[in-house]
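[1] fold the following.
(chains A, B, C and D)
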There are 4 protein chains.
Amino acid sequence: MNTFGNLFRITTWGESHGPAVGAVVDGCPPRLPLDLADIQVELDRRRPGQSDIVTPRKEEDRVEILSGTFEGRTTGAPISMLVRNADQRPGAYDEMKDKFRPSHADYTYQTKYGIRDHRGGGRSSARETVGRVAAGAIARKILALGGQAQHGAPVEIRAFLTQVHDIAMPAEALVAFPTLAEVEATAVRCPHPATAQRMIERIKSVRSEGDSVGGVIECRVRGVPAGLGEPVFDRLEAELAKAMLSLPATKGFELGSGFAGARLRGSEHNDRFVSREGQVRTETNRSGGTQGGISNGEEIVFRVAFKPTATILRPQQTVDVHGAETELIGRGRHDPCVVPRAVPIVEAMTALVLVDHWMRQIGQNGSFRFE
Amino acid sequence: MNTFGNLFRITTWGESHGPAVGAVVDGCPPRLPLDLADIQVELDRRRPGQSDIVTPRKEEDRVEILSGTFEGRTTGAPISMLVRNADQRPGAYDEMKDKFRPSHADYTYQTKYGIRDHRGGGRSSARETVGRVAAGAIARKILALGGQAQHGAPVEIRAFLTQVHDIAMPAEALVAFPTLAEVEATAVRCPHPATAQRMIERIKSVRSEGDSVGGVIECRVRGVPAGLGEPVFDRLEAELAKAMLSLPATKGFELGSGFAGARLRGSEHNDRFVSREGQVRTETNRSGGTQGGISNGEEIVFRVAFKPTATILRPQQTVDVHGAETELIGRGRHDPCVVPRAVPIVEAMTALVLVDHWMRQIGQNGSFRFE
Amino acid sequence: MNTFGNLFRITTWGESHGPAVGAVVDGCPPRLPLDLADIQVELDRRRPGQSDIVTPRKEEDRVEILSGTFEGRTTGAPISMLVRNADQRPGAYDEMKDKFRPSHADYTYQTKYGIRDHRGGGRSSARETVGRVAAGAIARKILALGGQAQHGAPVEIRAFLTQVHDIAMPAEALVAFPTLAEVEATAVRCPHPATAQRMIERIKSVRSEGDSVGGVIECRVRGVPAGLGEPVFDRLEAELAKAMLSLPATKGFELGSGFAGARLRGSEHNDRFVSREGQVRTETNRSGGTQGGISNGEEIVFRVAFKPTATILRPQQTVDVHGAETELIGRGRHDPCVVPRAVPIVEAMTALVLVDHWMRQIGQNGSFRFE
Amino acid sequence: MNTFGNLFRITTWGESHGPAVGAVVDGCPPRLPLDLADIQVELDRRRPGQSDIVTPRKEEDRVEILSGTFEGRTTGAPISMLVRNADQRPGAYDEMKDKFRPSHADYTYQTKYGIRDHRGGGRSSARETVGRVAAGAIARKILALGGQAQHGAPVEIRAFLTQVHDIAMPAEALVAFPTLAEVEATAVRCPHPATAQRMIERIKSVRSEGDSVGGVIECRVRGVPAGLGEPVFDRLEAELAKAMLSLPATKGFELGSGFAGARLRGSEHNDRFVSREGQVRTETNRSGGTQGGISNGEEIVFRVAFKPTATILRPQQTVDVHGAETELIGRGRHDPCVVPRAVPIVEAMTALVLVDHWMRQIGQNGSFRFE
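    The predicted structure follows:
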């Protein structure tokens, strides 16, 4: 359904071509300093029209906070946020009213619900993620300030593109934790400039052919204390996997060594424990930051695979709502590659998972209070 | 925590070296014919000692049903199942009391809980999955009978090994839906006999070196009606991803085209809709059976990556509970490759996800009744 | 927290003196005809300023629907509703900034959250129930249309006042299921005109003394099919009790015979089963419509006790935020008796409980579809 | 369904005449000292055959702990507890197989599930509460030790009978917090000896006539810190109301002033705040320990109404499973008044509610650890 999380819980709502999209955040700890800019900065990273390789849909995506704050701080009451939809072109979707776009949600929504807002994909539009990003911005602030207060260091979440189509960052470029500036330096959000350049060219070339491409995002988190995750079913990686596969266009998730780890022997894969500055640490991090479903204090490292955008500007064979075979020519304004704009969304979902587990550890109000 | 599912809900309990392991199934539809053999058959596929490539721990794993059935049928009340632990050798774990096994859950459990049943891994042991398999057996029966009654065909779930270490099934062998007999024909549960033979040899060779290997399981499901899955957060693939990453030793999940799909163009990746026997179908299945998070009536196809078993019979560098660096030599009886025994576990978790979503569609008691 | 329900789930948000209040409804079955008037009619029954015995706060309470409908029908996507706050007088609450109103939530909110929006009670204001009533209006429509389609009769929910202060309806007036017109005929929503008249006089008299009074609401539901309720913890009466005690100012709940039932013998209390028109019915209804936590097809009958409004216009002894004893003179615009306006709120919460359990029986999409 | 609670979660299972009854407790904080005696002492208070006014069913109700503890302490893993059923007389229920007992759950279970274990009421039997009491015993220990460690005083829960049939404790006897010894001094668990004696006589007299009576339990809790309860839906009193109405035979719940509070004016009902030993306290406690759904640090005081036992040893008119009218003569061994044995059950449910909310405040592992 449309609620995610347990102690820190978000509910998103809204369709691509309805009046607005938004989210309600419930369970936010009280007294957190929060203003519009905290949220707007993340929405700006997500919004259309940021660069020449994304959809030209013009959306300012200005967020309003309708509840849950008082004199610049959260109160513990639910935080309702709303972003009006502005640049809508419902007419561009007339053809989709009766025809199912291949590999899109048109057919399954029609079948499941017996009704469908076909304009811009309705609820299945990636525009739904506006609410996730707004809520994630709050979660990130809690993790930053809360991590600092509790553990002496903010929890930092950094996602970035490692692959577009068959263009991938070189392995040696994947060692360091990238800075935000490095990630934001290019429109594709790949911190390796040479690779980024090739990715941009590939996206432009594919777009010029009316086609689309997929890619891979890596996400790293540092500053996570050991102990987050709730075996046996709510392991931290299980929650992250669910969060990622709940995003549109995702096809895979892997943590640490991932699928490549299946090709290793135990003697190669195991992360030796060492004692470093009085702390138990691991020498390598093939585990990706969790063991037995619980964070171990190392960097959390995972990757998410995105398929190429389903809507392409080429004729495709399909069927219509009456079951007759037909041809569809995609229209509307679409990203030839959604992956760069998915970076803040992946970060938002990561923040939501982590803050929920962090609050489970320390409690909602009792043991920690923002000053 | 230790409960999974919403309408069809299981709670598992038990440690490797406690008196027993078990599960409570809540929300099972009433009047389902159920006897011990339905459950035992799946437990027998999971239990240790089935073949010469798995752990020699001797466990009969006889299940008792303590509640929820009457005269051979379920009553709608919770079904409590219990399996006594028999072959325990706690002494084999004395060394682990104070030393953390690399890439195992020892350190994170100790850190999170401040206490740890070190014998056999305690709650983090794969023995915990006994309860999942028992519950999954009930879910499978509901899907088989219910699918037949509602849609004219049982829902069939078939998992199998496609890879052990670097030995993988050839792509052409992956086309057909394997029979249960094909899967069960070899100890590794790979339906391609030549590959299976090589896998078995590799496992034996690795074991003789005191080492371990990982592998990949593919799971396919046919007979799933279109319409299962609850956007935006409880997409069917999100729920499957969580279910799989909640299993011990898993490092990745991918659906349909998965990570390879990121290397394709939209024009290559999209599954064309066609009309077949009056039904909307797709010509290819790169989507893996869901679109927009909802099943589309095609086969559900996903893969799960397993890392090599952490416990190996070689000396490893680690630290002890006091933070001092030390050396550990693994003991106890372990599978050199857990993946073959994980096959029924993957199937069980798949069944649990599907039955929960199926019941959400048709209701718990009102619209369907076992005759 | 701020979400209620499982399959039909509402999340409310908003403070008395924030920009707006609202609710998100998740899990609404698709294709339900829904327009603003369906919701507005219930909000109009709840809103301030309806009569001369309620608060003169002027709120039109015009609802906006921001998502979840398409061409006049629900789509299965979450329905976001918003009502702007209009007539705010924050200055009237300046004194409450530092002083705790006796028997109000000021002190407990301050203690729990360490921060408090003191204006109008903030989140603890009964204004929060706007979202409940809006969501309840949707639930009522489902029950009316769905009940008709599934069982041949709408589910009808009728609440009304049986008592204000020590003025109570005579027992013989409690036999019939009152019509909506009878309930709405007077400002106190008591269907017995003579009693209503006395209640109104008492409320006016008490108000003129700057004081307040409590009362009792009875709620009856007819058309509920047998079989709703989920033992052992989610019994229908348990869910109703929680729903009612979640309302501001409630102090008690009783079903059927209630507290008076404790004074009876089993031979007096038991409801004999009889066969009526081929159906199993009970001759009496001391059970109040449920047995063993499951509806039995009879009228559901329960009562809710409301305490007198805490805010009175008289000097009261209290303490301030520094712990010093002081005196407070209540100001602001308050109902001298909240109970008449609570009638649609009690009905809304009842509808929310019933629709959630009804959907659990018949499923969310599979077995029933609005035409 | 059969799970209660969020962070501290119990799942109960088992039927009156099945092999066993039990519960799984999930989310118990680690390192809590726990042995069988902690649980057995509460089961002994609940079990049949304690005195000459309760059912003579002979059950020792010996509890086994199957998981979740290690060397005398909890580990954070789920705690599975089991009690074998011993003294079963299924033959005594043969007549109920086809006839519905008036005001019992026979008819509604049959209608809802289409199948019913008629022996002893199956799942609807009060025997199901064995699991609640076992789980509650753990919750009580947490509250006692945790309250001491966090707030300097144990949380103490004391329930007792105030009324049987029309025999009620005098108001003046209700002032002090009764000791456990006072409550346990008589078989009816009424701390006022003279009233207790009259209650016992009434129960014996009613039993001799083959009849039954109801009663009222009051429950008080002291030592609860201010701040527990989660507005707006999970108010502390809402959770308590649900917990109580989830018990068999309950018909009502009231907190503090309750239904009598509806007869008061605000000026009479409001609890003045005073400053006592540097703490904000209230002079009176008509609120019953919560304001705005959050505990205020005063005693929590509520009452629960129980109807007379439905099964009586007199002929009653009813219908059979075919809808034909018939006569039923109750057999089996039943309590003529269930209320005395309900005292430890009410306490257990209270403990479960409180510990869940307390853990929400302080977190599951992070901010508090049993030494």
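[2] surely A:Q291 and B:P102 touch.
    No - counting by C-beta atoms under 8 Å, A:Q291 stays clear of B:P102, with 9.1 Å between them. For the C-beta atoms, the positions are set from N, CA and C on the backbone; glycine is no exception.
[3] hey, what's the nearest residue in space to A:V216 that is not next to it in sequence bridged with?
    Distances taken as C-beta to C-beta, 6 or more residues apart in numbering or on different chains place A:Q163 nearest to A:V216, at 3.9 Å, with adjacent residues excluded. Bridge pairing for A:Q163 (DSSP bridges) gives the partners A:A168, A:V216.
[4] what's the pLDDT at A:Q163?
    According to the prediction, A:Q163 has pLDDT 98.
[5] what's the neighbour count on it?
    Applying other C-beta atoms under 10 Å in any protein chain shown, we find 24 residues neighbouring A:Q163.
[6] next: A:E201.
    Per other C-beta under 10 Å, the neighbour tally for A:E201 reads 13.
[7] work out for me the element it sits within.
    helix A:193-208 (DSSP states H and E).
[8] remind me what that helix packs against, helices and strands.
    For helix A:193-208, the contact count by 3 or more C-beta pairs under 8 Å, 6 or more residues apart in numbering or on different chains; DSSP states H and E identifies strand A:156-164, strand A:167-168 as packing neighbours.
[9] related to what we said a few turns ago, ok, now how distant is the residue nearest to A:V216 from A:F177?
    From A:Q163 over to A:F177 the distance is 18 Å, taken as C-beta to C-beta, to the nearest Å.
[10] list the buried residues in the helix-or-strand element of chain A with minimal mean pLDDT.
    Taking mean pLDDT, DSSP states H and E as the measure, strand A:325-329 is the helix or strand of chain A with the lowest mean score, a mean of 91. For strand A:325-329, burial by neighbour count (16 or more other C-beta atoms under 10 Å in any protein chain shown) applies to A:326, A:328.
[11] quick check: A:N296 touching A:G288?
    No - the pair A:N296 / A:G288 is not scored as a contact, 9.6 Å apart, by C-beta under 8 Å.
[12] so the two - more neighbours on which side?
    Neighbours were counted for A:N296 and for A:G288 using other C-beta under 10 Å; A:N296 has more, 32 against 27.
[13] for A:E95, grab the count of nearby residues.
    17.
[14] ah, wrong one, I meant A:L180
    Residues near A:L180, counting by other C-beta under 10 Å: 12.
[15] residues contacting it?
    A:L180 is in contact with A:R158, counting by C-beta atoms under 8 Å, 6 or more residues apart in numbering or on different chains.
[16] now A:R198
    Contacts of A:R198 (C-beta under 8 Å, 6+ apart): A:I167.
[17] measure the nearest residue to A:F160 once chain neighbours are set aside to chain C for me?
    Spatial nearest neighbour of A:F160, chain neighbours left out: A:V183 (4.7 Å); criterion: C-beta to C-beta, 6+ apart. Computed as C-beta to the nearest C-beta, to the nearest Å, the A:V183 to chain C distance reads 32 Å.
[18] and if you look at A:M359?
    Taking C-beta to the nearest C-beta as the measure, A:M359 and chain C are separated by 12 Å.
[19] low-confidence ranges in chain A?
    Applying pLDDT under 70 to chain A flags residues A:332, A:365-368.
[20] off-centre distance for stretch A:196-209?
    22 Å (C-alpha atoms, centre = their mean, to the nearest Å).
[21] ok so, going back, buried deepest among the helices and strands packed on helix A:193-208, which one?
    Compared across the helices and strands packed on helix A:193-208, strand A:156-164 shows the largest average neighbour count, a mean of 25 (mean count of other C-beta atoms under 10 Å in any protein chain shown).
[22] give me the angle between it and helix A:193-208.
    Relative orientation of strand A:156-164 and helix A:193-208, computed by axes from the mean of the first three to the mean of the last three C-alpha atoms, to 10 degrees: 60 degrees.
[23] helices or strands next to strand A:156-164 in the packing?
    In terms of contacts (3+ C-beta pairs under 8 Å, 6+ apart), strand A:156-164 is packed against helix A:129-151, helix A:180-184, helix A:193-208, strand A:215-222, helix A:339-362.
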